[in-house]
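Enquirer: Here is my input, please return the structure:
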Amino acid sequence: MVNLRLILLTLTAAAAATVASGAAALDVVLETEKERVRVDTIARGLEHPWGIAFLPDGSALVTERPGRLRHIAADGALSEPLAGVPRVDPRRQGGLLDVALDPDFAANRLVYLSYAEPGPDNTNSTAVARGQLSADATALEDVTVIFSQKPKLPSTMHYGSRLVFDRAGHLFVTLGERSNARFRDQAQDLNSHLGKVVRIFPDGSVPDDNPFVGEPNALPEIWSLGHRNPQAAALHPETGILWAIEHGPRGGDEINIPEPGKNYGWPVVSFGVNYDGSPVGTGQTDAPGFADPIYQWTPVIAPSGAAFYTGDVFEAWRGDLFVGGLAVRALVRLELDGDSVVHEERILQGANRRIRDVEQASDGSFYVLTDARNGEVLRLSPAE
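Expert: Got it, this is the predicted structure:
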């Protein structure tokens, strides 16, 4: 039996070396509750990487928040920034954010990017653009903006911004409420995209069966409302239904299963409080007319990036939900019984990395992005 305490001490020492020198790679073996895992540093030197998407050949596209899109070869070789990426507003939490491939990428090579789109007079909002990846993976071509959050505001916070395709080819986009108390109440306003999950077709058009289509003073893209800052989202592998995970304030990170037309309560109800300790909205955790989360964290983990594990190489993890933790600096594993979380484990916590995104590769390994000026792509695979 491997000594867990020794492994964790080794991992902590490796992390400390990285923090001190900015040079050490994280290559260790971890004994988790159910799996023995090898952690390898695949790529380094990425500036605040935010999203990763795997291409059919095993290589990947990775976004960097300042506005760069990189191609990472299967062997870890890092490309120069791709041409054709839209201009972004990179202040604070803004910049180039998520990346996703079209469900028919093998035929059309379409790539989708979410980002902070600059507007007039120092404003911005979350936007989604798509373009065709060139044959040599050095550029995006024919880039078009397919969605732009309304309204644009003078904020550099809470963009949300995960991109998830469902099995019917609809694109879900999670949208933050932009943080500031002056306009966060718009999360309850159907004439605003703030604090919403929206559902569109890949060209940006609106499905006829969206819940607010044809309703006066309601934006037709809206799928659900009352969200704070959902930076993690994934499609459940059995039900095909979207799960979205959002930041709470001081307490109250939430896992929600956004249903069409439902209201998830922000900023009227919350399991957290404002950062100054004052109550959020009514000061209550629930109220009639609002859907409850299926799980919440107090204290927060600061969730970003999520994936259900469906592979074969980590058999004991199959069906579990993995969520990146920025505040707890861990990869959070959640065991599920239907829609209920029955157990939680925090992996990589000794490495002192802010986990920004997590994605499963086609071979069943897990890839993790670390949020840092010298950010990394880590691979989790079975240890021999």
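Enquirer: and the end-to-end length of stretch 210-217?
Expert: When the termini of stretch 210-217 are compared using CA to CA, to the nearest Å, they are 15 Å apart.
Enquirer: So for it, what gets flagged as buried?
Expert: With burial defined by 16 or more other CB atoms under 10 Å, the residues of stretch 210-217 counted as buried are Asn210, Pro211, Phe212. All C-beta atoms are positioned from the backbone trio N, CA, C, and that covers glycine.
Enquirer: per-residue confidence averaged over that stretch?
Expert: The average pLDDT for stretch 210-217 rounds to 97.
Enquirer: neighbouring contacts of it?
Expert: Applying CB atoms under 8 Å, 6 or more residues apart in numbering, the contact partners of stretch 210-217 are 190-191, 199, 206-207, 218-223, 260-261.
Enquirer: on that earlier part again, take the buried residues of stretch 210-217 and write them to CSV, including secondary structure and distance to Pro237.
Expert: Formatted as CSV, the buried residues of stretch 210-217 follow (DSSP: H, G, I helix; E, B strand; the rest coil; distance: CB to CB, whole Å):
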residue, secondary structure, distance to Pro237
Asn210, coil, 24
Pro211, coil, 24
Phe212, coil, 28
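Enquirer: Using TSV, lay out those together with distance to Gly364.
Expert: Formatted as TSV, the buried residues of stretch 210-217 follow (distance: CB to CB, whole Å):
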residue	distance to Gly364
Asn210	35
Pro211	36
Phe212	39
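Enquirer: Now do the strands in the stretch 51-200 of the chain.
Expert: Taking DSSP state E, counting those that start in this stretch as the criterion, the stretch 51-200 of the chain carries its strands at 60-64, 68-72, 96-101, 110-118, 124-133, 140-148, 163-165, 171-174, 196-200.
Enquirer: would you list these in a markdown table and tack on mean neighbour count, distance to Arg38 and mean pLDDT?
Expert: Listed next are the strands of the stretch 51-200 of the chain as a markdown table, based on neighbours: other CB atoms under 10 Å; distance: least, CB to CB, whole Å; pLDDT from 0 to 100:
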| stretch | mean neighbour count | distance to Arg38 | mean pLDDT |
| --- | --- | --- | --- |
| strand 60-64 | 24 | 19 | 98 |
| strand 68-72 | 22 | 19 | 98 |
| strand 96-101 | 24 | 26 | 98 |
| strand 110-118 | 24 | 30 | 98 |
| strand 124-133 | 23 | 30 | 98 |
| strand 140-148 | 16 | 34 | 98 |
| strand 163-165 | 19 | 28 | 98 |
| strand 171-174 | 26 | 32 | 99 |
| strand 196-200 | 25 | 36 | 99 |
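Enquirer: Could you say which one of these comes nearest to Arg87?
Expert: strand 110-118 (6.4 Å; CB to CB).
Enquirer: With only the CA atoms kept, save the closest one in PDB.
Expert: Only the C-alpha atoms of strand 110-118 are listed here, as PDB (Å, rounded to 0.1, in the frame of the first residue of the first chain):
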ATOM      1  CA  LEU A 110     -16.100  25.100 -36.600                       C
ATOM      2  CA  VAL A 111     -14.800  26.400 -33.300                       C
ATOM      3  CA  TYR A 112     -16.700  28.500 -30.800                       C
ATOM      4  CA  LEU A 113     -15.200  31.100 -28.400                       C
ATOM      5  CA  SER A 114     -16.700  33.000 -25.600                       C
ATOM      6  CA  TYR A 115     -15.100  36.300 -24.500                       C
ATOM      7  CA  ALA A 116     -15.500  39.700 -23.000                       C
ATOM      8  CA  GLU A 117     -16.500  41.800 -26.000                       C
ATOM      9  CA  PRO A 118     -15.500  45.500 -25.800                       C
END
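Enquirer: please renumber so the chain begins at 22
Expert: Okay, using 22 as the starting number, the last item reads as strand 131-139.
Enquirer: packing partners for that strand?
Expert: Other helices and strands packing on strand 131-139, by 3 or more CB pairs under 8 Å, 6 or more residues apart in numbering; DSSP states H and E, are strand 117-122, strand 145-154, strand 161-169.
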